[in-house]
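Undergrad: coords please:
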Amino acid sequence: MNDATSRTLFGVGVGPGDPELVTVKTVRILREADVILVPYTEATTDGPGRAESIITAIAPELAERIKRIPFSMRERSGVGQMRRASWQVSADAAVTAFDEGAHTVALATVGDPTVFSTFTYLRANVEERLPDVTVKLSPGITAMQALSAASGRPLVEGREILALVPATVGIDKLGHVLDVVDSVAIYKGGRKLPEVVEQLRSRNRQAVIGTDVTLESEQIITLDEVSDAQTLPYFSTVLTTPERTTTGGKL
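TA: Next up is the predicted model:
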């Protein structure tokens, strides 16, 4: 039983898109939450975003507990006015829910709440305003795991090293990682795909690129199928792994 004054903020990962990939623990947390926050962007204001769609597919009865919070996609880097404003509005939604009597508030985020997640920013703002709030997280399957499974390419074997890099880090840093790391997953690369492809091809690396992985709209292509100027949507992931010619050769 919850204490009358207890307040818990949950960050839950709902995976890459397929509702069947949401963990049993996350489903339980969502069903027990008084309020469920879901991020939306300017492109999804007229309908549910991906996280909301996953939740309502799992448990349609939770729709009435869902509250959409803004997440600005217009600022690609840095902390600008729009981004700060969206963080503030998101924190307001959580704090208001607690003030109105909620014991548990959950933010559902695509993928995992610890990997490039909106939850990180919400948490920081809520903890600043409510120092006594308890924060708990429930992990989710990431896009790189989903792409690895869908393409049949193991992320790492034996002594191989794995790196996760946002394309927004800059081409020079991305190139350095590609030079020293065996397997590299690249996020946020849709609009920067031509630059990413150039870096991969200049190093004779093979790769697969997945968009909407695990959904009906899933598209997985190889690096050879990508044109030099091609771009892809935000929810696209690039995965490059080393050549493995013998079983157990990386042990």
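Undergrad: quick one: Gln88 and Ala124 touch, right?
TA: No. Gln88 lies out of contact with Ala124 (CB atoms under 8 Å); the separation is 11.5 Å. Just so you know, the C-beta spots here come from the backbone N, C-alpha and C atoms, and that holds for glycine as well.
Undergrad: number of residues surrounding Thr214?
TA: The burial count assigned to Thr214 is 20, neighbours taken as other CB atoms under 10 Å.
Undergrad: number the residues from 21 up from this point.
TA: Taking 21 as the first residue, the last one we looked at is Thr234.
Undergrad: isn't Lys87 up against Ala113?
TA: Yes. In this structure, Lys87 is within contact of Ala113 by CB under 8 Å, at 5.8 Å.
Undergrad: who's the residue nearest the centre of the chain bridged to?
TA: Central residue of the chain (CA atoms, centre = their mean): Gly131, 3.9 Å from the mean position. Per DSSP bridges, the residues bridged to Gly131 are Gly35.
Undergrad: how much space separates it from Tyr207?
TA: 9 Å (CB to CB, to the nearest Å).
Undergrad: spit out the residues that contact these two alike.
TA: Common contact partners of Gly131 and Tyr207 (CB atoms under 8 Å, 6 or more residues apart in numbering): Ala163.
Undergrad: any regions of this structure where pLDDT drops low?
TA: 21-25, 62-66, 92-103, 268-271 (pLDDT under 70).
Undergrad: just the strands from it, written as ranges.
TA: 28-33, 55-60, 86-90, 124-129, 154-158, 182-186, 203-207, 228-231, 239-242, 256-260 (DSSP state E).
Undergrad: residue boundaries of the helices in the stretch 121-270 of the chain?
TA: 139-149, 163-171, 191-200, 213-222 (DSSP state H, counting those that start in this stretch).
Undergrad: so which elements touch the longest one?
TA: Contact partners of helix 139-149 among helices and strands, from 3 or more CB pairs under 8 Å, 6 or more residues apart in numbering; DSSP states H and E: strand 28-33, helix 101-119, strand 124-129, strand 154-158.
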